[in-house]
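A.B. asks: using only what follows, build the 3D model:
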Amino acid sequence: MYLRVKRRWLLGTVCLIYVSSFLLPVYRAAPGWFAFIVTLTGLRFEGQGSGFSPVWLANPALWIGVVLLATGRAGAAGFAGVVAVLLALLPMLHGPEEHLLIGYYAWLLSMAVLASTLVIRRDQADQSAGPESQDADTEDVVRQKP
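C.D. replies: Just a heads-up that it's a prediction; the model follows:
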């Protein structure tokens, strides 16, 4: 039950941040939804862009990760989140002249939160090993002492 609730909160958080990023400015005064269209179609915006941008592929990577997380495959969802983050970081290669705004960082954050399922999943696995296994280890050490 606890894991299901945690997964729902994580899904909700990823989706809320992602959708919010479409309403926030990304580049100059352009909102996220406009950047989504420009990077998908290759439209020119203020002399920028010419052809499809691989940065857009971070979106389907996130969508796949959300579906995987919703179906209980947290590990695969985390890897999809990592792929999404790596693709989303491509604009950073252009240097500081890009002037990316809050919408871009919210978009990137949604992917980073999805990628965090790898850490959360590992932490939960460690906790499930929990005190029982630690007590067993302690008993072995105590028995070995003369």
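A.B. asks: show the pLDDT at the residue nearest to P25 when sequence neighbours are not counted.
C.D. replies: Of all residues not flanking P25 in the chain, L101 sits nearest, at 4.5 Å (Cβ to Cβ, 6 or more residues apart in numbering). Where you see a C-beta, it was placed from the backbone N, CA and C, and this is true even at glycine. Listed pLDDT for L101 reads 82.
A.B. asks: and V38, by the same measure?
C.D. replies: 75.
A.B. asks: now for L69: which residues touch it?
C.D. replies: 7, 10-11, 14, 77, 114, 117 (Cβ atoms under 8 Å, 6 or more residues apart in numbering).
A.B. asks: tell me, how many residues neighbour the closest residue to A88 other than its chain neighbours?
C.D. replies: Among residues not flanking A88 along the chain, A58 sits closest, at 4.1 Å (Cβ to Cβ, 6+ apart). As a burial measure, A58 scores 24 neighbours (other Cβ atoms under 10 Å).
A.B. asks: what's near enough to touch A58?
C.D. replies: So A58 contacts 83-85, 87-88, 107, 111 (Cβ under 8 Å, 6+ apart).
A.B. asks: repeat that with 7 Å
C.D. replies: 84, 87-88, 111 (Cβ atoms under 7 Å, 6 or more residues apart in numbering).
A.B. asks: same check on W33?
C.D. replies: Contacts of W33 by Cβ under 7 Å, 6+ apart are F22.
A.B. asks: can you verify it is assigned to a strand?
C.D. replies: No - the assignment for W33 is helix, going by DSSP: H, G, I helix; E, B strand; the rest coil, so no strand is present there.
A.B. asks: picking up where we left off before, helix, strand or coil for the residue nearest to A88?
C.D. replies: helix.
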